[in-house]
Structure formats: structure tokens, C-alpha cells
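Below is the structure, and that's it, no one-letter string:
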DNA sequence: TATTTCTGTAACACAAAAGTTACGTATATC
DNA sequence: GATATACGTAACTTTTGTGTTACAGAAATA
């Protein structure tokens, strides 16, 4: 329940993990059914899943001996927040440029 | 001019590089003035800057023997696009849940 | 109960990333 | 012209990540 909170940026740095997220956006999948899509051993996939889970990208439902992985919004929101900081940066930069141009036009 | 296009996710995975972006959101800085903020050698910073540049996170203006680094929107937009795919995912998921609840209510 | 299936983890190997020092070069300054 | 400054790059070391195989356990199945 208590995620140790891995570095979300580090987590999505791996192309395989991003592909896992993409697959899970189509459907919830078990570890094995996920692994079928990759050219790597099942334990490797299992590790990736653990990482995605720890960072809050997915949740996991235990169904008997199977474990279903589902996308979870938490980590995505964190990324969005990080990006929004720079969104604001661009917005204010544009605004400054705009007023600068307006002033120039006024002085003419 | 022609960026070899590094993996932007890999690029922001490094905490030092993210800190550089944050510093550059405050002000354009030279390599040296950037390096003063970090507990690493100047060549190390120089390498990070090269990576940020190659991925399209910053632009560089040569001023004599100095090089001023400035944030560039390109890579940020790529990240935003990646995230927007999942934004849509969450939106449609919410919608499905909503209609499901509505149907249940109607049957009552 | 014996066996198969689905999974996690430990121990290890290997490749990639990130750091260092030691250099070289171009632009300012004296 | 000699020196100092701002930087890039090459060669190397160290650390981190990602993969593997081998094993163990718990749930289904025979």
C-alpha cells in the first residue's frame, strides 16, 4: 500500500516500460500475458512491473495465482505537474514578448 | 542544427539535468555559471548540456567564448504529446464509468 | 496428493551511464 | 605576443540498470 515512491522520470526512461504502459492502456493484463509481448524473460517483465507499481503507474489486482495490472493515474499526474511548471514558463515568456512588441509599436 | 534526437525520456531521467532545466527557467546561463550550482566537474556539466541540447530541451547562443543556454520548447512538447495520450485514456475511462452508473440508476 | 501453472526473488553477468582527469582550442585581456 | 578564461573532447574508472538462470512458493488441476 505504501509505495516507496521511485523516481517517476527514471521509471519511464525505459522503452520497455513505456511499451507496457501502452499495452495496459488497451487492456488490463496479467504478468504472463504482458510478457508474451516482449522479447525478454518473464522475470525481467516481473521486475519492470514491480518498478511501474512502486512508482504509481499501475495498480495490481490479485486473482488467484494471477496478477492483473491496470493503469493508475497517480504517477501520470505527477508528470503532468512537472510539465505544467514549464507550460507556465512558456506562457509568461510569450506574454513578455508580446508586451515588448506592443511597446515598440507604441513608440513608433 | 540537425539534432540526432535522443530519447527525451532518458534525458530527463537524470536529476541533475532536471535541475539544470529548472535553473534555466529562471535565467539563461553559461556553462560555467550553471556548473557553479552543481557538485560535479565542469566537463560533466558540459556533457549534460550537450545531451539536453541534442534532445531539444535547450538552445545555445555563442557569445564570444561563452555559451548561453536557454530553454527550448520542442522537447517539452514531445513530452506533453506522450502524456496527452494517457489524458485521453483517463477521460474515456471516466466517461465509461459515468455511463455505467447512469445505466444502473435508470434500471432502478 | 502429485503435478502443473503463475508468479517473485536471489545471485550473477554484462552493457550503458555518469563521473573523473588530462588535454586541446578559441576568444578575451594584459 | 603572452596569459587567462570559457569551453569541448578523449580516455578511463566507477556506478547503475537491465538482462539472465536457478530456485521457491502458492494456487489451480489431475
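On my side now, so go ahead. As the structure is a computational prediction, the values presented were derived from the model and not from experiment. Numbering: from 1, shown residues only, chains lettered A, B, ... in the order given.

Please name the nearest non-neighbouring residue to residue A:44.
Nearest residue to residue A:44 in three dimensions, chain neighbours excluded: residue A:38, at 7.8 Å (CB to CB, 6 or more residues apart in numbering or on different chains). C-beta coordinates here come from the backbone N, C-alpha and C atoms, glycine included.

Quick check: the gap between the one you found and residue A:49.
In this view, residue A:38 and residue A:49 are 11 Å apart by CB to CB, to the nearest Å.

Of those two, give the one with the bigger neighbour count.
Each of residue A:38 and residue A:49 has its neighbours counted (other CB atoms under 10 Å in any protein chain shown); residue A:49 has more, 23 against 15.

moving C-terminal of the helix or strand where the more buried one lies, what's the next helix or strand?
Per DSSP states H and E, residue A:49 falls inside helix A:42-54. Per DSSP H and E, the first helix or strand lying C-terminal to helix A:42-54 is strand A:58-63.

Neighbouring strands of that next one in the sheet, and parallel or not?
strand A:66-71 (antiparallel) (DSSP bridges).

correct me, but residue A:54 touches residue A:6?
Yes. Because the distance of 4.9 Å satisfies CB atoms under 8 Å, residue A:54 is recorded as touching residue A:6.

Spit out the contact partners of the one residue in chain A that gets nearest to DNA strand C.
Closest approach of chain A to DNA strand C (CB to the nearest atom of the strand) occurs at residue A:32, with a separation of 2.8 Å. Residues in contact with residue A:32 (CB atoms under 8 Å, 6 or more residues apart in numbering or on different chains) are A:42, A:66.

Near DNA strand D, which residues of chain A are found?
Contact residues, chain A versus DNA strand D (CB under 7 Å from any atom of the strand): A:10, A:13-14, A:16, A:39-41, A:43-44, A:47-48, A:51, A:63-65.

Who wins on neighbours among these?
residue A:48 (21 neighbours).

what residues are up against that residue?
A:14, A:16-17, A:20.

Give me the local confidence score for it.
Note for residue A:48: predicted pLDDT of 98.

One more: residue A:11?
Listed pLDDT for residue A:11 reads 98.
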